[in-house]
Each structure stands twice: as structure tokens, then as C-alpha cells.
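Chemist: When you get a sec, could you give me coordinates for this:
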Amino acid sequence: MKRILIFVIILILFNTYFVYAQDTLVDIDKHWAKVYIESLYSDGIVSGYSDCTFRPNESITIPQFLKMIITMGKYKMTSSELGWQQDYINTAISHHIIDDSSFKSNDYLSRKECVKILSNILDLKDVKKSKVTFKDVSDSIEDSVKKLVTLNIFSGYDNGTFNEDKFVTRAEACKILVLAFKAKSSLCSYENNPPNPLNSNIGESDSNSKIKNRFTIDKNRIHIKDVGRYGSFDGITLNQEYINDSKVIKLINSLTDDNSYTYVAYVPDKYSLNKLNICYGLNESQVNNGIYAFQIRFYENGLYNLKENTGIESFSDKAKVCISLYKMWDFPSEYDSTYSSSEKNLAKLEKAVDVLTSSAIKKDFMSYIKSKIQEAKAKPDDEFDAKIQETKNFGNFTVNTICTQNQRIDFYIT
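Modeler: This is a model prediction of the structure:
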């Protein structure tokens, strides 16, 4: 009996040691990327193999790299019956992390593809380009490479090459993504470029304005400080599944200036979807009275079913955001006879489109918007409603366009 008891105790101790050992990667102790690998390993972003190795010098596949990004960024997954690799590829496409659906489950990640992916998840628009030049970088990624070098995410080799076709190792991928997400937070920092409180309702005190929906921004999060109509929502933060605070903050930053007013309103709705509305107009008085040049609506707790709500079968049931133009091409002159709406409003709208979409489609999308404005201008008031109903694709973005009452044009982006 004692022998059996001793054997059981030894077995328990052995299994305990084995489980502990499984939580330790045995091949990274002296590796240059140990600190990056351990950081992601402890957070559950990466895992090792059944033999307790990480194999840091092996090449990483594109699905593995996308899984790391999607897990770190907490993107909503798209599931299928085609295997986990294809699920991460499809999810990356739906969130515009990659532009190509032809990747296979065993494709390795090249440095060139890595640059393209990072360009999609980071806002590099305002990053200065490094003066470092590489003699072997493709024109299509040269600007992005120089900006990623500025952010210390990438570097070249001693012989002056970038070696864009070289595969990225598992260790390199860990370092790249730790530095990339650190840069992402910094690039989106509200503190670096706060909206002018005199030209928006962000952070206004209750005594200085009639607007009841208050917002504060701290550490790249929007906090709702509502003391009015929706008081039960005071102190909440937005659900990040469908609204990205960093993107909203950048959008607000792009709109606020000394000669306009940007109003942000959180509108909970028990019958539909909660919305975050960003309304842009000439001044506070007009915006408070609903006179906007344009409005951008984000849907917080779901994707908007435009097909069901319009009865138009070709429209999407998964709209993420809507841009509404309020007859901005012919602003009511009785409010301000000196106001010239078209050029200024279109310039501001272009800044918003730049934040909402990829730079690759911005030009085509803005040209499309301008063509719809011209089409709308030619329609008499009594022929305006619902005369424009169409679907247009821009890269991975689909836009459903419809005219509604009060001569408004809505662009729903999927």
C-alpha cells in the first residue's frame, strides 16, 4: 500500500513539473528577441509547440502573422468551415488589414508583404519619411518603408539593402508587432493633437453650453459624460467591436478648426443601433440647430441593415458607417450670406474620407461623391427623394448610395 501511495505522489509531482515545463519556452533563453517573445507569449498572443519550443528562427506564415494582429487588436472574427488559417485571412480582409484574398494557409510572410500589412493597420499619413534609402525597395512600398524606419519598426541591412523578398522569422514578427502596436497607440494619441474645445463640444463645461452630451478623451478612449437626456449612460466608454475610438479621435481632429464647429453626440436607441454622430458645420449656433454641412454616423452595437430598412435588395445588411451630405452644395444663404460651402466643406469631407477609408481609394471615392453632388444638383426638389439608389465598389469597400428626404445624400460604407 505504501509503495502504491509513493508511486501516486511521484506521478503527481512529475505531471505538475511537466505542466509547468509546458509553460516555459526552452529555446529562447539566449535569443535576441526573448523580451518580445515573452511579452506576447504571456499575453496569449503567440504560443509554442508541443515540445515546449518556439522555434524563433523559423519563417512565419501569413495566417500566423494575421492571427497575432487580430488577437492583439481584438478585431471581430469572421468564421467559416475552411480552417483557422482561412478564418484569419477572411477576417483580415473584412477589416482591411490585407487587400489580397489569394493568400494560402502555408504562404510565408515576406518583408514586402509585412510592410503592406503594417501600412494598413497604422496611420502613416503624418509620419516623416526617414532619409535612409535602400537600393532594392519597390516603388509601391518605398514611402511606407521610410516611415516605418522612422518609427524604428523596420531597418535595413549593412550592405544598404532592404531585402523585401526575405521571409520574416517568428522572432522578427514578435518584435515588429510589439513596436507596431506601441507606435499605433502613439500615432492615435489625443494628447498629441487635441481638438480645439472652443470649436467642438468635446470637454465643454455644463455652464457654458446648452449641449447636454459631454465627452472627454483620455488615453485614446472616448468617455461619455452625459448629464442630460441620456443620463443613464453617463460615464460609459464606447464598445470597440464596431467603433474604433482611435479612428473617431483622428476624425474629430481632422475636422476641428478655428472657422467651423464639430459636434459629437452619442445617441442610444432601444429600437435600432446606438449611434455616435459627428456633425460638421459653419458654427456652433447653426450646428446646434441641426444645420450641418455633413454628418458621419458610427453604429456602436451592430452593423446597420440597410437592405432591410430601405427594402432595396441590392443594398448591404452590414453597413459600418454612414456619411450624410445635407445639401452642402447649396447651403441656405439666409443663415450667412458670405458663406461659400462647396470648397471648404468638400475639403473637410475629404479629410474625413481619408480617415475612414484607405488612401488607395480616397481619390476615387471623393470623385464619386462629387459626381453624386452634381447629379443631385440637377434634380428638382420634388424629384429628389430616392432617385439615386446604387452600389459602388472601391477596393475592399462597398458604398451604398441613396437620396433621402430634405435633399440629403447618404453614403453607407461596408
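
Chemist: residue boundaries of the helices in the stretch 301-414 of the chain?
Modeler: Ranges of helices in the stretch 301-414 of the chain, per DSSP state H, counting those that start in this stretch, are 306-310, 341-356, 359-377.

Chemist: Sorry, wrong one. I was asking about the stretch 1-150 of the chain.
Modeler: 2-22, 34-42, 62-73, 84-94, 111-121, 139-150.

Chemist: So which elements touch the third one?
Modeler: Helices and strands in packing contact with helix 62-73 are listed as helix 84-94, helix 111-121, helix 170-187; criterion 3 or more Cβ pairs under 8 Å, 6 or more residues apart in numbering; DSSP states H and E. Bear in mind the C-beta positions are built from the backbone N, C-alpha and C, glycine included.

Chemist: Which elements pack onto the second one?
Modeler: When you say that, I think you mean helix 111-121. helix 62-73, helix 139-150, helix 170-187.

Chemist: Return the list of helices and strands in contact with the last one.
Modeler: Just to be clear, that refers to helix 170-187. helix 34-42, helix 62-73, helix 111-121.

Chemist: Excluding residues flanking it in the chain, which one is nearest residue 294?
Modeler: Among residues not flanking residue 294 along the chain, residue 325 sits closest, at 5.1 Å (Cβ to Cβ, 6 or more residues apart in numbering).

Chemist: still on that earlier bit, wait, which of the helices and strands packed on helix 111-121 is closest to residue 108?
Modeler: Within these, the stretch nearest residue 108 is helix 62-73; the backing value is 7.1 Å (Cβ to Cβ).

Chemist: re earlier: out of the helices and strands packed on helix 62-73, which is closest to residue 153?
Modeler: helix 170-187 (4.8 Å).

Chemist: Pull the next helix or strand after that closest one out as PDB, backbone CA atoms only.
Modeler: Remark: after helix 170-187, the chain's next helix or strand is strand 213-218, criterion DSSP states H and E. What follows is strand 213-218, C-alpha atoms only, in PDB (Å, rounded to 0.1, in the frame of the first residue of the first chain):
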ATOM      1  CA  ASN A 213     -23.900  65.300 -24.400                       C
ATOM      2  CA  ARG A 214     -20.400  65.700 -22.900                       C
ATOM      3  CA  PHE A 215     -17.300  63.800 -23.900                       C
ATOM      4  CA  THR A 216     -13.900  63.500 -22.500                       C
ATOM      5  CA  ILE A 217     -10.900  61.800 -24.200                       C
ATOM      6  CA  ASP A 218      -8.300  60.100 -22.100                       C
END
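
Chemist: Does residue 297 belong to a helix, a strand or coil?
Modeler: What DSSP: H, G, I helix; E, B strand; the rest coil gives for residue 297 is strand.

Chemist: How many residues are close by it?
Modeler: Burial of residue 297 is recorded as 20 neighbouring residues (other Cβ atoms under 10 Å).

Chemist: circling back: which of the helices of the stretch 301-414 of the chain sits most buried?
Modeler: helix 341-356 (a mean of 18; mean count of other Cβ atoms under 10 Å).

Chemist: which secondary structure elements does that helix contact?
Modeler: Against helix 341-356 (3+ Cβ pairs under 8 Å, 6+ apart) you get helix 245-255, strand 275-281, strand 294-299, strand 321-326, helix 359-377.

Chemist: Quick check: can you name the pairing partners of the fourth one and their directions?
Modeler: What it means is strand 321-326. strand 294-299 (antiparallel), strand 408-413 (antiparallel) (DSSP bridges).

Chemist: Mind putting the ones you listed into JSON lines with mean pLDDT and distance to residue 46?
Modeler: Formatted as JSON lines, the strands paired with strand 321-326 follow (pLDDT from 0 to 100; distance: least, Cβ to Cβ, whole Å):
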{"stretch": "strand 294-299", "mean pLDDT": "94", "distance to residue 46": "32"}
{"stretch": "strand 408-413", "mean pLDDT": "91", "distance to residue 46": "33"}
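
Chemist: I'd like to know which of these lies nearest to residue 346.
Modeler: That would be strand 294-299 among these, by Cβ to Cβ, at 9.5 Å.

Chemist: Run through the stretch 51-200 of the chain and note the low-pLDDT ranges.
Modeler: Applying pLDDT under 70 to the stretch 51-200 of the chain picks out residues 101, 186, 188-198.

Chemist: related to what we said a few turns ago, am I right that the residue nearest to residue 294 is in contact with residue 408?
Modeler: Yes - under the criterion of Cβ atoms under 8 Å, residue 325 makes contact with residue 408 at 6.6 Å.

Chemist: out of the two, which sits in the more crowded spot?
Modeler: The neighbour count for residue 325 versus residue 408, taken as other Cβ under 10 Å, is higher for residue 325 (23 against 19).

Chemist: quick one: contacts for the more buried one?
Modeler: 293, 294, 349, 369, 373, 408, 409, 410, 411 (Cβ atoms under 8 Å, 6 or more residues apart in numbering).

Chemist: Quick check: of the residues you listed, which lies closest to residue 402?
Modeler: Using Cβ to Cβ, those come closest to residue 402 at residue 410, 5.3 Å.

Chemist: hang on, isn't that closest one packed against residue 326?
Modeler: No - if you go by Cβ under 8 Å, residue 410 and residue 326 don't touch, sitting 10.3 Å apart.

Chemist: residues touching residue 141, list them.
Modeler: Here residue 141 is in contact with 112, 115, 116, 119, 164 (Cβ under 8 Å, 6+ apart).

Chemist: Residue 107 - how many residues pack around it?
Modeler: A total of 15 residues lie near residue 107 under the criterion other Cβ under 10 Å.

Chemist: any idea how far residue 306 is from the residue lying closest to it once chain neighbours are set aside?
Modeler: Leaving aside its chain neighbours, residue 107 sits nearest to residue 62 (4.8 Å; criterion: Cβ to Cβ, 6+ apart). Separation of residue 62 from residue 306 (Cβ to Cβ, to the nearest Å) stands at 32 Å.

Chemist: Same question for residue 324.
Modeler: Taking Cβ to Cβ, one finds residue 324 at 13 Å from residue 306.

Chemist: distance of residue 272 from residue 410?
Modeler: Taking Cβ to Cβ, one finds residue 272 at 15 Å from residue 410.

Chemist: Ok, residue 152 next?
Modeler: Remark: distance between residue 152 and residue 410 (Cβ to Cβ) = 42 Å.
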